[in-house]
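S.K.: This is a predicted model, with the sequence first.
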Amino acid sequence: MTIYQNSDSNKRKTWFLMAGFFAFIMLVGFVFSQALGDSTILYIAVIFSFLSCFFSYWYSDKMVLAMSSAHEVDKESARELYNLVENLCITAGLPVPKIYIIDDASPNAFATGRDKNHAVIAVTTGLLQKLEKVELEGVISHELSHIGNRDILLATLVTVMVGMVVLLADWFLRISLFGGGRRRDSKDSQLALITIVAIVFAILAPIGAYLMQFAISRKREFLADANGALLTRYPEGLARALEKMSADPAPLMEANRATAHLYIASPFRDGGKKASWFSRAMATHPPVEERIARLRAM
């Protein structure tokens with residue numbers, strides 16, 4: 001598969017997953033509203049989710065950088081890195097993002113920010129020390145692709161939808177426990193059936209929502225790999241970088257579960273254990289071996 005075919009394929013799959021996510025939320029909302037006989041709960045959940053994610057969207061970059069202990073650098077203090085980012089931005093047609101460095105020996109990087117005009121790229125000192133220039137270019141081009149593809153906006157939209165499903169499930173269970181329910185004139189058999197279906201949805205819906213979120217995240221990683229390789233015209237550079245990052249034994253000390261999905265490679269180490277199907281399904285990153293194989297097949 002060529003770079004262009006890989007990029008187009010991942011775009012189609014991502015939008016297919018997004019459409020499925022919207023349909024899933026509408027189905028969950030319909031079942032809960034039928035079981036409770038009141039659509040107001042759905043409206044409240046939607047408004048609350050959008051408000052919480054609105055504030056996260058505007059201030060998430062500052063929170064992530066603070067949680068990662070990153071500090072900003074300029075052209076004078078990191079000339080070689082700045083020039084590399086600047087040259088790739090010219091090729092990609094993007095404004096130069098702010099550049100941050102994380103003092104950590106583990107090689108890794110991430111991009112954040114709400115759009116291309118308010119973007120940030122953060123790299124670890126380990127990445128700068130352990131990667132060759134062509135490998136570093138592959139990593140930076142991957143992160144610039146996230147910025148150019150508006151992946152931050154997509155991630156926020158998915159977060160809104162996941163939050164919506166989780167809130168609906170939680171509220172339904174709480175209301176059910178406190179005796180809320182449908183109108184008393186409903187047939188007992190109909191009420192019992194709808195209530196049972198709604199309880200099953202309340203338990204399984206959050207799991208399904210997270211699985212879809214992680215699936216979209218993995219597709220965006222594949223897309224950023226393809227676009228990054230297109231930007232540098234050298235897929236092998238990013239493939240070698242991913243090999244080095246996955247083989248490095250040091251875990252990223254500044255990472256946590258809330259920020260792990262932002263990094264180009266998982267910041268946690270599994271000790272070489274083979275991941276189970278469930279672990280792979282719940283992972284925010286595709287298997288490194290598969291990413292490398294796709295890059296080298298381009």
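M.R.: Cool, got the structure.
S.K.: Can you give me the neighbour number for residue 71?
M.R.: Residues lying near residue 71 (other Cβ atoms under 10 Å) number 12. C-beta here means a position set from N, CA and C on the backbone, and glycine is covered the same way.
S.K.: Determine how far the helix or strand harbouring it lies from the middle of the whole chain.
M.R.: Residue 71 is part of strand 70-73, with elements assigned from DSSP states H and E. When C-alpha coordinates are averaged (Cα atoms, centre = their mean, to the nearest Å), strand 70-73 and its chain have centres 23 Å apart.
S.K.: Buried residues in it, which are they?
M.R.: By neighbour count with 16 or more other Cβ atoms under 10 Å, strand 70-73 contains the buried residues 70, 73.
S.K.: Check what contacts that strand and list those residues.
M.R.: 81-82, 98-103, 122, 254 (Cβ atoms under 8 Å, 6 or more residues apart in numbering).
S.K.: Tell me which helix or strand comes right after that strand.
M.R.: Downstream of strand 70-73 (by DSSP H and E), the next one is helix 79-92.
S.K.: For that next one, enumerate the helices and strands it packs against.
M.R.: strand 98-102, helix 133-148, helix 188-232 (3 or more Cβ pairs under 8 Å, 6 or more residues apart in numbering; DSSP states H and E).
S.K.: If you count contacts, what does the first one end up packed against?
M.R.: In terms of contact count using 3+ Cβ pairs under 8 Å, 6+ apart, strand 98-102 is assigned the packing partners strand 70-73, helix 79-92, strand 119-124, helix 125-130.
S.K.: and the angle from it to helix 79-92?
M.R.: When axes from the mean of the first three to the mean of the last three Cα atoms, to 10 degrees is applied, the directions of strand 98-102 and helix 79-92 differ by 140 degrees.
S.K.: Nearest the middle, which residue of the protein would you pick?
M.R.: Centroid-nearest residue in the chain, with Cα atoms, centre = their mean: residue 217, separated by 4.2 Å.
S.K.: and the gap between it and residue 223?
M.R.: For residue 217, the distance to residue 223 equals 11 Å [Cβ to Cβ, to the nearest Å].
S.K.: can you pull the contacts of the closest residue to residue 146 other than its chain neighbours?
M.R.: Excluding its sequence neighbours, the residue lying closest to residue 146 (Cβ to Cβ, 6 or more residues apart in numbering) is residue 111, at 4.6 Å. With contacts defined as Cβ under 8 Å, 6+ apart, residue 111 is in contact with 97, 119-122, 143-144, 146-147, 151-152, 262.
S.K.: how near is residue 111 to residue 142?
M.R.: The gap separating residue 111 from residue 142 is 9 Å, by Cβ to Cβ.
S.K.: How about residue 265?
M.R.: 10 Å.
S.K.: which one of those two has more residues nearby?
M.R.: Using other Cβ under 10 Å as the criterion, residue 265 and residue 142 rank with residue 142 on top: 27 against 24.
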